[in-house]
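Chemist: Below is the structure, and that's it, no one-letter string:
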């Protein structure tokens, strides 16, 4: 089953340049995956350990996303390549459509335990396997749908850009400590400007404490199911220690708890089951603008400073950059305005001759009932005539709010027995002495509806409003020439994948490592694994163990080396 990618998500797709992965990249993948298979089988949720096998992900080399897509297709999902950190609405929307977005970069060896940057270890090894559990898969689709419709604020969009900048800096091997500190400082400054909790921030926190860093089951002996934990060698072990506080999951507590993407978590939530998550998150979704509508929904659209669309109870949708609303004495919206190109749609299909090329300077529309409690959208052709609304005649109506509209009717648009749009020439729209639309401004299109039932942070008809998306079709890039260190990794990989012989030149490789790259702990572990498996009596074993023990005296290496040794010697020792 091949998943179709919605038009509005295509601009976020990219290519996987598989031959750009270096032998060191594959070694990083292999180290983490061997850790996962060795350690997580006892502490991860059963859905992950069984899904790890079903997903067909190879331990020894980075997967091709096309092959992952084939495997996920068996359960009605797909996989798509994205270019690093993408906007939250797009990230969620992929999952709402049953598509797993995968960033194909892989973390640097220096960040092997944890990185805030999206990478293929996190996406493929963390997210993909557990999707083979049907209930969990349904939960991810649900939270994806809710997240895709969540409004963020302008300040939060700036936090996203700062976070993306930090992730790029941290994964760039040429970045300096000063650059990393500056990027972290910039992110904190942007975070401090955020006031309150938008819908996007609330669902982001729920997602973080469940899909990314969730625990499940017994509060005192939980299992791991969060992808951030499952893909992090260090944190998967650290999270179950007494150093991390375990709290019973609730939506309210998850929303009230912020998180730090730059370091390991100091506390985690434990949910009862995936069914509990579905129930609670679905209930939370009922509080959001896309389900509740009303004045608050319009205000959220305005605060986002992004192109959005609102929908009336008649079915008509207005897309644009919402900037203003007029309210009555009770604080309820009675008139809304957009600025710049706007469009009208029905059922997410743009109405002919009502695109952004026509409504280029913005759009304004009243909300509410006519005087006497009349809902204009419910009127029949006969009752419209009684109100003085018929083709090619002058009409004059007054809303309960006091907004008055007069003009010459040139068109009436009916959809599913509801009046949705009246087009007027020589139109005057006013509220008291305030003119909202002047006859000199041209044609006025009156959107009909007494209530706003929904608002979403995207154009109703994305393709028509924004035009056909530009797809990233960059050509496959050639692999670069290997460095001397990468060449050594490649030689060890070839030895492992061929028929091992005691006569291979491991002694020569070890000699080069100890002379030229003495701190290359990962490559030493890979060679030690071969020696332990095929030639336990080799003098190389003691030589490598002595060197690794020496490196373990440095705090930055002790966990990495110990955890690697645990896998090689099949020990269940836990170093945190």
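Modeler: Received, thanks. What you see is a predicted model; the values in this text were computed from it and never measured. Numbers count the residues shown, from 1 in each chain.
Chemist: what about residue 317, is that helix, strand or coil?
Modeler: Following DSSP: H, G, I helix; E, B strand; the rest coil, residue 317 is assigned to strand.
Chemist: domain ranges for this structure?
Modeler: 7-152+198-282, 289-466, 484-568 (automatic domain parsing).
Chemist: Please name whichever of those is nearest to residue 187.
Modeler: In terms of CB to CB, the element of those nearest to residue 187 is domain 7-152+198-282, at 8.1 Å. Every residue, glycine included, has its C-beta placed from N, CA and C.
Chemist: Could you tell me the end-to-end distance of that closest one?
Modeler: End-to-end distance for domain 7-152+198-282, by CA to CA, to the nearest Å: 26 Å.
Chemist: Let the chain start at 477 from now.
Modeler: Shifting the count to begin at 477 puts that one at domain 483-628+674-758.
Chemist: if we can go back for a sec, so can I have JSON lines of the domains of the chain showing mean pLDDT and distance to residue 664?
Modeler: Compiled in JSON lines, the domains of the chain are given as follows (pLDDT from 0 to 100; distance: least, CB to CB, whole Å):
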{"stretch": "domain 483-628+674-758", "mean pLDDT": "90", "distance to residue 664": "10"}
{"stretch": "domain 765-942", "mean pLDDT": "96", "distance to residue 664": "22"}
{"stretch": "domain 960-1044", "mean pLDDT": "90", "distance to residue 664": "24"}
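Chemist: looking at those, which is buried most?
Modeler: Mean neighbours per residue, mean count of other CB atoms under 10 Å, is largest over the domains of the chain for domain 483-628+674-758, with a mean of 20.
Chemist: All the helices of the stretch 927-1052 of the chain, residue numbers only.
Modeler: 938-942, 960-973, 982-992, 997-1010, 1015-1027, 1031-1044 (DSSP state H, counting those that start in this stretch).
Chemist: now the longest helix along the chain against helix 997-1010, angle please.
Modeler: If you go by DSSP state H, the chain has its longest helix at helix 499-519. Counting by axes from the mean of the first three to the mean of the last three CA atoms, to 10 degrees, helix 499-519 lies at 70 degrees to helix 997-1010.
Chemist: And for the most centrally placed residue in the chain, nearest residue in space, chain neighbours not counted?
Modeler: Taking CA atoms, centre = their mean as the criterion, residue 567 is the residue nearest the geometric centre of the chain, at 2.7 Å. Using CB to CB, 6 or more residues apart in numbering and skipping the chain neighbours, the partner closest in space to residue 567 is residue 577 (6.0 Å).
Chemist: host element of the one you found?
Modeler: strand 575-579 (DSSP states H and E).
Chemist: what number of residues lie near residue 650?
Modeler: Other residues lying near residue 650 total 6 when counted by other CB atoms under 10 Å.
Chemist: That one in helix, strand or coil?
Modeler: Per three-state DSSP, residue 650 ends up coil.
Chemist: Please report how far it lies from residue 719.
Modeler: Residue 650 is 33 Å from residue 719, where distance means CB to CB, to the nearest Å.
Chemist: circling back: distance-wise, check the residue nearest to the centre of the chain relative to residue 713.
Modeler: In terms of CB to CB, residue 567 sits 27 Å off from residue 713.
Chemist: ok, now residue 782?
Modeler: The value you get for residue 782 to residue 713, if CB to CB is used, is 40 Å.
Chemist: Ok, residue 833 next?
Modeler: Distance of residue 833 to residue 713, computed by CB to CB: 58 Å.
Chemist: And residue 683, by the same measure?
Modeler: 23 Å.
Chemist: swap in residue 879?
Modeler: 64 Å.
Chemist: hmm, back to that, centre of the chain versus the next helix or strand after the longest helix of the chain, how much separation?
Modeler: Next in sequence after helix 499-519, counting helices and strands by DSSP H and E, comes helix 522-530. Centre-to-centre, helix 522-530 and its host chain are 23 Å apart (CA atoms, centre = their mean, to the nearest Å).
Chemist: Next, the angle helix 499-519 makes with helix 522-530.
Modeler: Per the same axes, to 10 degrees, the angle that helix 522-530 makes with helix 499-519 is 140 degrees.
Chemist: what ranges do the helices span in the stretch 527-676 of the chain?
Modeler: 541-549, 564-572, 596, 610-624, 630-647, 653-668, 675-683.
Chemist: Adding distance to residue 840, write the ones you listed out as a markdown table.
Modeler: Formatted as a markdown table, those follow (distance: least, CB to CB, whole Å):
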| stretch | distance to residue 840 |
| --- | --- |
| helix 541-549 | 46 |
| helix 564-572 | 26 |
| helix 596 | 48 |
| helix 610-624 | 28 |
| helix 630-647 | 22 |
| helix 653-668 | 33 |
| helix 675-683 | 25 |
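Chemist: Which among those helices is found nearest to residue 932?
Modeler: Residue 932 lies closest, by CB to CB, to one member of the helices of the stretch 527-676 of the chain: helix 610-624, at 8.3 Å.
Chemist: residues making contact with that closest one?
Modeler: Residues from elsewhere that reach helix 610-624, judged by CB atoms under 8 Å, 6 or more residues apart in numbering: 523, 551-553, 564-574, 606-607, 676, 679-680, 682-683, 686-687, 701, 750-751, 753-754, 757-758, 760-761, 764, 934.
Chemist: is it true that residue 861 lies in a helix?
Modeler: Yes. Counting by three-state DSSP, residue 861 falls inside a helix.
Chemist: can you list the helices of the stretch 927-1052 of the chain in a markdown table and add distance to residue 905?
Modeler: Converted to a markdown table, the helices of the stretch 927-1052 of the chain look like this (distance: least, CB to CB, whole Å):
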| stretch | distance to residue 905 |
| --- | --- |
| helix 938-942 | 24 |
| helix 960-973 | 69 |
| helix 982-992 | 78 |
| helix 997-1010 | 70 |
| helix 1015-1027 | 76 |
| helix 1031-1044 | 68 |
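Chemist: Those helices: which one's closest to residue 724?
Modeler: In terms of CB to CB, the element of these nearest to residue 724 is helix 1031-1044, at 29.2 Å.
Chemist: The closest one vs helix 997-1010, what angle?
Modeler: 20 degrees.
Chemist: and helix 1031-1044, what does it pack onto?
Modeler: helix 499-519, helix 709-714, helix 997-1010, helix 1015-1027 (3 or more CB pairs under 8 Å, 6 or more residues apart in numbering; DSSP states H and E).
Chemist: Off-centre distance for it?
Modeler: From the chain centre to the centre of helix 1031-1044 is a distance of 32 Å (CA atoms, centre = their mean).
Chemist: again with stretch 714-732
Modeler: Remark: stretch 714-732 is offset 22 Å from the chain centroid, using CA atoms, centre = their mean.
Chemist: Show me what the residue nearest to residue 869 when sequence neighbours are not counted bridges to in the sheet.
Modeler: Leaving out its chain neighbours, the residue that sits closest to residue 869 by CB to CB, 6+ apart is residue 885, at 5.9 Å. Residue 885 has these beta-bridge partners by DSSP bridges: residue 900.
Chemist: Let's see the distance spanning stretch 711-723 from one end to the other.
Modeler: Stretch 711-723: ends 17 Å apart by CA to CA.
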